[in-house]
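> Got a predicted structure plus its sequence, pasted below:
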Amino acid sequence: MDLLIPALAALATEQDFQFVLAGANPQDPEFEAKIGLQIQAVGLGDRTTLTGFVSGEDKTALLQAADLFVLPSYYENFGIAVAEAMAAATPVVISDQVHIWKAIQQAEAGWITPCKMEALTDTLRIALSDRAEQARRGKCAQAYAEKHYSWGAIAEQMTQAYDQILLRSSDTRETKAD
C-alpha cells in the first residue's frame, strides 16, 4: 500500500476514479485499520470503498465491474488474483516483481510498472485515461487467461506433463534393457 495509496493520491486532482480495496488480513486487523487511516489522511476517503474479504460471485462481480486491477507488489510468486482479474476481462496494472509480468506484457493484457511510486503514478495515469485501450487489453487478458489458466488449459498442461513423465520412464526402461 506504500506505493498504491500515494500514487492514487497524486492522481486524485487530475483523474476521476473510485478505488475499491478488496481483501482482508484476519491475522493483522491493526494493519487494515492503518490502511484505512492512511487512505483518510491522503484525502482518498470519499473515493474509496473497503470491502473486506470477498469471494465467489461477489468477487467475480467486483472484478468484472472494475476498469483496472492493480497489484504493485514487491514480490509475488504468481498472483492468482491477477489471473482471476484477467479471466474477468479486467486489464491489470502490476509491478515487474509479479512473476507473470512478462506474459502480461507480451499478451498486452495490462500495464507493467517498476516498484516506484512515480512510475506507478505515471502508469496509472496512462491506464486510466484511455477507456478503449482498457477494453482492448481486457479482451487480451481474458483470452490469455482462457488459454493458459482455464480448467481445460490446466488439464491439457497436466496431460502433457504426464506424457513427458511416461516418455522419460519408457526411455529409461529401454536404456536399462539394452
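Here it is on my side, so go on.
> quick one: the helices in the protein?
In the chain, helices defined by DSSP state H lie at 4-11, 29-41, 56-65, 80-87, 101-107, 117-129, 131-149, 151-177, listed in chain order.
> what's the closest of these to V20?
Closest to V20 of the helices of the chain is helix 56-65 (CB to CB; 6.5 Å). In this view, the C-beta of every residue, glycine as well, is placed from N, C-alpha and C.
> The closest one - what's its average pLDDT?
For helix 56-65, the mean pLDDT works out to 95.
> coming back round to it: any idea which of the helices of the chain is most buried?
With neighbours taken as mean count of other CB atoms under 10 Å, those reach their highest mean count in helix 80-87, at a mean of 21.
> Contacts only, for R125.
11, 14-15 (CB atoms under 8 Å, 6 or more residues apart in numbering).
> cool, S73 as well?
79, 94-95, 97-98, 115.
> What distance do you get for the residue nearest to the spatial centre of the chain to Y144?
With the centre of the chain defined as its mean C-alpha position, the nearest residue by CA atoms, centre = their mean is V82, 2.5 Å away. Note on V82: its distance to Y144, by CB to CB, to the nearest Å, is 11 Å.
> gap between stretch 136-153 and the chain center?
Stretch 136-153 has its C-alpha centroid displaced from the chain centroid by 13 Å (CA atoms, centre = their mean, to the nearest Å).
> C-alpha coordinates for it, PDB please?
What follows is stretch 136-153, C-alpha atoms only, in PDB (Å, rounded to 0.1, in the frame of the first residue of the first chain):
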ATOM      1  CA  ARG A 136      -8.700  -3.900 -25.700                       C
ATOM      2  CA  ARG A 137      -6.300  -5.000 -23.000                       C
ATOM      3  CA  GLY A 138      -9.200  -6.500 -21.000                       C
ATOM      4  CA  LYS A 139     -10.100  -8.700 -24.000                       C
ATOM      5  CA  CYS A 140      -6.400  -9.700 -24.400                       C
ATOM      6  CA  ALA A 141      -6.300 -10.500 -20.700                       C
ATOM      7  CA  GLN A 142      -9.400 -12.700 -20.900                       C
ATOM      8  CA  ALA A 143      -8.100 -14.500 -24.000                       C
ATOM      9  CA  TYR A 144      -4.700 -15.200 -22.300                       C
ATOM     10  CA  ALA A 145      -6.400 -16.400 -19.100                       C
ATOM     11  CA  GLU A 146      -8.600 -18.800 -21.000                       C
ATOM     12  CA  LYS A 147      -5.700 -20.200 -23.000                       C
ATOM     13  CA  HIS A 148      -3.400 -20.600 -20.000                       C
ATOM     14  CA  TYR A 149      -5.300 -20.600 -16.800                       C
ATOM     15  CA  SER A 150      -8.700 -22.200 -17.500                       C
ATOM     16  CA  TRP A 151      -9.500 -25.700 -16.200                       C
ATOM     17  CA  GLY A 152      -9.300 -27.000 -19.800                       C
ATOM     18  CA  ALA A 153      -5.900 -25.400 -20.200                       C
END
